[in-house]
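[1] Sequence below, structure please.
(chains A and B)
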Protein chains: 2
Amino acid sequence: MYEGVVQDVIDELGQLPGIGPKSAQRIAFHLLAADPADVRRLVHALTELKEKVRFCRTCFNVAQSELCRICTDPRRDPAAICVVEESKDVVAIERTREFRGRYHVLGGAINPIGGVGPDDLHIRELVARLADGVVTEIILATDPNTEGEVTASYLARQIAPMGLTVTRLASGLPMGGDLEWADEVTLGRAFEGRRVVSA
Amino acid sequence: MYEGVVQDVIDELGQLPGIGPKSAQRIAFHLLAADPADVRRLVHALTELKEKVRFCRTCFNVAQSELCRICTDPRRDPAAICVVEESKDVVAIERTREFRGRYHVLGGAINPIGGVGPDDLHIRELVARLADGVVTEIILATDPNTEGEVTASYLARQIAPMGLTVTRLASGLPMGGDLEWADEVTLGRAFEGRRVVSA
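    Just a heads-up that it's a prediction; the model follows:
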């Protein structure tokens, strides 16, 4: 509907996840009116993203050199590895400040329907990391959905012969929520995992 | 939370209208995994946006040369000018295929609280366009809200001495809507503007 470049920008923005044609148009006009320096900064960041960002050789988290910030941090406990699906999950867990070990990013979850098998994930590399005898605990922090559960079970089976402690994040009621709004699977898990408060 | 460039991209995307931190993160990871050619196309379009897009010398619509596509189209009726606030409004009206005249984009609406007065809009240029005697009808298509109404009244007063037909888009019930959901101002306007169907 627009002339040349304006339409190009709307079309390209419209390809991004969560941006529909209306938002794309709004952003295009925002940029058209914006300070050229702001647009240059955005363009620069996007260009650098593809040029500079790679994945850590050890844990496959996003990184800006061979190894990520966490793998090179000597204060992080090398005896515990938390296994997650994506780099976003690393950030979510880091925000809790509960975990001082290291990570392993699988790059997804096993999903036979979507054509993702164990060989498409960084599972071989995880098993190789466990061989050095330093690691003593593996925390399986894949998503609490079907694919995440399948992936966690698969990993548990693979790791079992190695004699390590393998744990899975607790499932249960989300804090700050209302019991009556919890779905039955979550509520069932909360019952299953109930803890003794006093006896 | 992320290392260098990934965080830069999230921060820059988060500045855009309608994109919160979660969407910015989602888009950043989408781009990280995307085909480099797709990202190059987006970067190219954004760069061109600031370099190539300007505003039509006559009507102030977005354009890629001195004049926009509509002002240079000989099939468009030069006797009718539709006055709108923004380029987006031109696209919305073009989509209806109801109007075959030309446009004038004001660049906003009069808004004393927001510090936008008549001199901040392309009103002087509109009045200058009307002086050639070719234009016979002005359609005031500013938004049906307070600022748009104020702007339309102001323009009507300015143009009145020139002896042109000045019209305003009809206000009333939106098509496909439910009468009971209409707000009272809209319903009031619909009564005020009621038309004889048979008498």
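[2] Quick one: list the elements packing against the longest helix seen in chain A.
    In terms of residue count, the longest helix belonging to chain A (DSSP state H) is helix A:36-52. Contact here means 3 or more C-beta pairs under 8 Å, 6 or more residues apart in numbering or on different chains; DSSP states H and E; on that basis helix A:36-52 packs against helix A:21-33, helix B:4-14, helix B:21-33, helix B:36-52. Just so you know, the C-beta spots here come from the backbone N, C-alpha and C atoms, and that holds for glycine as well.
[3] Any part of the next helix or strand after the longest one near chain A?
    Okay, so that is helix B:36-52. Sequence order places strand B:54-55 as the next helix or strand after helix B:36-52, per DSSP states H and E. No. Using C-beta under 8 Å from any C-beta of the partner chain, strand B:54-55 stays clear of chain A, with a minimum separation of 9.2 Å.
[4] Just give me how far the next helix or strand after strand B:54-55 sits from the chain centre.
    Sequence-wise, the next helix or strand downstream of strand B:54-55 (DSSP H and E) is strand B:62-63. Strand B:62-63 sits 12 Å away from the centroid of its parent chain (C-alpha atoms, centre = their mean, to the nearest Å).
[5] ditto for stretch A:63-79
    The answer for stretch A:63-79 is 17 Å, by C-alpha atoms, centre = their mean.
[6] How about residues contacting it?
    A:52-59, A:61-62, A:90, A:100-103, A:134-137, B:3-5 (C-beta atoms under 8 Å, 6 or more residues apart in numbering or on different chains).
[7] Narrow those residues to those that are buried.
    A:53, A:55-56, A:58-59, A:61-62, A:90, A:101-103, A:135, B:3-5 (16 or more other C-beta atoms under 10 Å in any protein chain shown).
[8] What ranges does chain A have for its strands?
    A:54-55, A:62-63, A:80-84, A:102-105, A:137-140, A:165-168 (DSSP state E).
[9] what are the pairing partners of the fourth one, and which direction each?
    In other words, strand A:102-105. Strand pairing for strand A:102-105, determined by DSSP bridges: strand A:80-84 (parallel).
[10] what's the nearest residue to the spatially most central residue of chain A if we skip its chain neighbours?
    Closest residue to the average C-alpha location of chain A: A:Glu86 at 2.4 Å, with C-alpha atoms, centre = their mean. Nearest non-adjacent residue to A:Glu86, counting by C-beta to C-beta, 6 or more residues apart in numbering or on different chains: A:Val105, 6.5 Å away.
[11] ok, now which ones touch A:Lys88?
    B:Gln25, B:Phe29.
[12] how far away is it from A:Ile110?
    For A:Lys88, the distance to A:Ile110 equals 18 Å [C-beta to C-beta, to the nearest Å].
[13] before we move on, what about A:Arg168?
    Distance of A:Arg168 to A:Ile110, computed by C-beta to C-beta: 15 Å.
[14] Between the two, tell me which one has more neighbours.
    Per other C-beta atoms under 10 Å in any protein chain shown, whichever of A:Arg168 and A:Ile110 has more neighbours is A:Ile110, with 24 against 18.
[15] what's the burial count for the closest residue in space to the more buried one that isn't next to it in sequence?
    Sequence neighbours aside, A:Thr151 is the residue nearest to A:Ile110 in space, at 4.6 Å (criterion: C-beta to C-beta, 6+ apart). Counted with other C-beta under 10 Å, residues neighbouring A:Thr151 total 25.
[16] try the one 10 residues further on
    Summarising burial for A:Pro161: neighbours were counted as other C-beta under 10 Å, giving 7.
[17] Could I get the pLDDT score of it?
    We have a pLDDT of 89 for A:Pro161.
[18] and the gap between the residue nearest to A:Ile110 and A:Glu66?
    Going from A:Thr151 to A:Glu66 by C-beta to C-beta gives 26 Å.
[19] Then A:His104?
    In terms of C-beta to C-beta, A:His104 sits 16 Å off from A:Glu66.
[20] More neighbours: which of these two?
    For the pair A:His104 and A:Glu66, the greater number of neighbours falls to A:His104 (27 against 12), based on other C-beta under 10 Å.
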